[in-house]
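Enquirer: Following is a predicted model, sequence given first.
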There are 2 protein chains.
Amino acid sequence: MDDQNHFTKIPEPALRRLPWYLSYVKLLRSQGETIVSSTQIARKIDVSPSQIAKDLSYVDIHGKTRVGYEIDDLIHVLETFLGFTRTHRAVLFGVGSLGAALLSDSGLEQYGLKIIAGFDVKESVVNKKIHAIPVYHSDQFIERNSTIGAEIGILTVPPGIAQEVSDFMIRGGIKGIWNFTPFRVRVPDGVVLQNTSLYAHLAVMFNRLLS
Amino acid sequence: MDDQNHFTKIPEPALRRLPWYLSYVKLLRSQGETIVSSTQIARKIDVSPSQIAKDLSYVDIHGKTRVGYEIDDLIHVLETFLGFTRTHRAVLFGVGSLGAALLSDSGLEQYGLKIIAGFDVKESVVNKKIHAIPVYHSDQFIERNSTIGAEIGILTVPPGIAQEVSDFMIRGGIKGIWNFTPFRVRVPDGVVLQNTSLYAHLAVMFNRLLS
């Protein structure tokens, strides 16, 4: 055991809640507030005050007993902890409808994700630009990524080739796959995988609307 | 208790896994396969065979012992159950970067979601069309939705107004909110809420890449 290492890995559910708190305290700041308590956050966010305090214990912020957190500090610490203040370079594979839509979403850059290039095999998009982002032929990926140096790969290809494209991205140096396909790709140990299945969310909504 | 009602509400985690199975069996069909077993699905999808069989017990499909499921039947039953074969009418509030991107994603329609109109207050987008979808002023929503008849509302507004816009959509007849903002909106009983927080997924990826 490394005694120097005080870093406790934050559990994923806690990590996923932090952006909710960030969003709410930014709203409070825009309303002129300067202090917020975990009880106050809890009233808005449907998470218990003790859970919020515990989640925030993973980030380097200290509230004052019976007062709360300084909002400016909390926002700064959360944005830094969540990685939203750094720029993370990404590439995107599969410039179809959803892929092109994500290339056009400049909002991702505000949260620290900069898509440097798209890759596809379709003549209609290769060597074009979408929203000023160049699209290259997939065959060029490994060579190009040696200069692009992207660590994150966004996967918006047809599900039938999702696994093979994921493997290919990893061979080119990608360390994190953001999978938008409904296919469950597998990645080796040490590679981070996040699944965002829009269609699964749709399925839940459709089913629940019928009930 | 209503004896006529044989419908057992499928738990959300099971419901969210069904699109994975669907995606995989569609891949198998494209490879010429006609039969699939839950063991075979399990090998690819990281869910146990017994869990898969249990999940599939909620849909109206029967496998043959030691053989498996007919792939054509399974695809048909899953697509129908998940609502992907019906058209669900939706409106979208907040035609900013992400909102415009979703209006441009024709892939959603393949899964049964048809966005009929966008709503915003910005002069630069009101009364324009994006990808052939008209954008109207938000003030016109309640009147327009009496003819549009959308049940699903996609929320891509700035987080600071997410709650108020969500309430407004519900007043106009929306029964399901698909929330893409990082703000935790609250909805009354009987309204379905699905959160798709791209930024939370990004946060998890950024954090895990550092670890």
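Expert: Sure, I can see it. Numbers count the residues shown, from 1 in each chain, chains lettered A, B, ... in the order given.
Enquirer: Pretty sure A:P182 is one of the things A:Y199 touches, is it not?
Expert: Yes. The criterion here is CB atoms under 8 Å, and A:Y199 meets it with A:P182 at 5.1 Å. To be clear about C-beta, it is placed using only N, CA and C from the backbone, and glycine gets the same treatment.
Enquirer: overlap in contacts of the two?
Expert: Any residue near both A:Y199 and A:P182 by CB atoms under 8 Å, 6 or more residues apart in numbering or on different chains counts here, and that gives B:P19.
Enquirer: what does stretch A:165-175 contact?
Expert: Here stretch A:165-175 has contacts from A:91, A:93-94, A:138, A:141-142, A:145-146, A:149-153, A:155, A:157, A:177, A:179, A:185-188, A:190-192, B:209, using CB under 8 Å, 6+ apart.
Enquirer: and the longest helix belonging to chain A, does that touch chain B?
Expert: Longest helix in chain A, counting residues (DSSP state H): helix A:12-30. Yes. Judged by CB under 8 Å from any CB of the partner chain, helix A:12-30 and chain B are in contact via A:12, A:15-16, A:18-20, A:22-24, A:26-27, A:30.
Enquirer: quick one: which of the residues you listed is nearest B:R66?
Expert: Nearest to B:R66 out of those is A:E12 (CB to CB; 38.0 Å).
Enquirer: what about the closest one, how many neighbours?
Expert: Residues lying near A:E12 (other CB atoms under 10 Å in any protein chain shown) number 13.
Enquirer: do the same with A:K64
Expert: 10.
Enquirer: again with the one 5 residues further on
Expert: Taking other CB under 10 Å as the neighbour definition, A:Y69 ends up with a count of 25.
Enquirer: mind listing the helices for chain A?
Expert: According to DSSP H, the helices that chain A contains are A:12-30, A:38-45, A:49-56, A:71-81, A:97-103, A:107-110, A:141-148, A:162-171, A:198-210.
Enquirer: Say whether chain B is contacted by the third one.
Expert: It refers to helix A:49-56. No. Helix A:49-56 lies out of reach of chain B by CB under 8 Å from any CB, never closer than 11.9 Å.
Enquirer: Buried residues, that helix. List them.
Expert: Buried positions in helix A:49-56, judged by neighbour count with 16 or more other CB atoms under 10 Å in any protein chain shown: A:52-53, A:55-56.
Enquirer: cool, and the fifth one?
Expert: Judged by neighbour count (16+ other CB under 10 Å), helix A:97-103 contains these buried residues: A:97-103.
Enquirer: Show me what the biggest strand by length in chain A packs onto, helices and strands only.
Expert: In chain A, taking DSSP state E as the definition, the longest strand is strand A:113-120. Using 3 or more CB pairs under 8 Å, 6 or more residues apart in numbering or on different chains; DSSP states H and E, the elements in contact with strand A:113-120 are strand A:88-93, helix A:97-103, helix A:107-110, strand A:133-137, helix A:141-148.
Enquirer: Comparing those, which yields the minimum mean pLDDT?
Expert: Mean pLDDT values for the helices and strands packed on strand A:113-120 show the minimum at helix A:107-110, a mean of 88.
Enquirer: still on that earlier bit, would JSON lines of the buried residues of helix A:49-56 with distance to B:G68 and pLDDT be doable?
Expert: Listed next are the buried residues of helix A:49-56 as JSON lines, based on distance: CB to CB, whole Å; pLDDT from 0 to 100:
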{"residue": "A:I52", "distance to B:G68": "47", "pLDDT": "93"}
{"residue": "A:A53", "distance to B:G68": "50", "pLDDT": "90"}
{"residue": "A:D55", "distance to B:G68": "44", "pLDDT": "93"}
{"residue": "A:L56", "distance to B:G68": "49", "pLDDT": "92"}
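Enquirer: Out of the residues you listed, flag the one nearest to A:I115.
Expert: A:D55 (29.3 Å).
Enquirer: Can you tell me how far the closest one is from chain B?
Expert: Noted for A:D55: a distance of 12 Å to chain B, by CB to the nearest CB, to the nearest Å.
Enquirer: again, but for A:S146
Expert: A:S146 is 19 Å from chain B, where distance means CB to the nearest CB.
Enquirer: Sketch out the low-pLDDT regions of chain A for me.
Expert: The model of chain A has pLDDT under 70 over residues A:1-8, A:211.
Enquirer: before we move on, the earlier item: and the buried residues of helix A:49-56, which two are the farthest apart?
Expert: With CB to CB as the measure, no two of those lie farther apart than A:A53 and A:D55, at 7.4 Å.
Enquirer: Might one say that A:E33 is in contact with A:D72?
Expert: No. Assessed by CB under 8 Å, A:E33 is found out of contact with A:D72, at 10.3 Å.
Enquirer: Contacts only, for A:G96.
Expert: Counting by CB under 8 Å, 6+ apart, A:G96 has contacts A:120, A:156-158, B:107.
Enquirer: A:A162 is in contact with A:F183, isn't it?
Expert: Yes. Counting by CB under 8 Å, A:F183 is a contact partner of A:A162 at 3.9 Å.
Enquirer: measure the residue of chain A positioned farthest from its centre to A:T39 for me?
Expert: Residue farthest from the centre of chain A, counting by CA atoms, centre = their mean, is A:R66 at 33.5 Å. According to CB to CB, to the nearest Å, A:R66 and A:T39 sit 10 Å apart.
Enquirer: Over to A:D73?
Expert: Note on A:D73: its distance to A:T39, by CB to CB, is 18 Å.
Enquirer: Likewise for A:E123?
Expert: To A:T39, A:E123 is 58 Å away according to CB to CB.
Enquirer: Look at those two and report which has more neighbours.
Expert: More crowded of A:E123 and A:T39, by other CB under 10 Å: A:T39, with 13 against 9.
Enquirer: who's in contact with the more buried one?
Expert: A:P49.
Enquirer: let's go with 10 Å and repeat that
Expert: A:48-50, A:52-53, A:68 (CB atoms under 10 Å, 6 or more residues apart in numbering or on different chains).
Enquirer: Which member of the residues you listed is positioned nearest chain B?
Expert: For these, the closest approach to chain B (CB to the nearest CB) belongs to A:I52, at 11.9 Å.
Enquirer: Touching, that closest one and A:V59? I think so.
Expert: No. Shown here, A:I52 and A:V59 do not form a contact pair, counting by CB atoms under 10 Å, at 11.6 Å.
Enquirer: Identify the contacts common to the two.
Expert: Counting by CB under 10 Å, 6+ apart, the contacts common to A:I52 and A:V59 are A:14, A:18, A:21.
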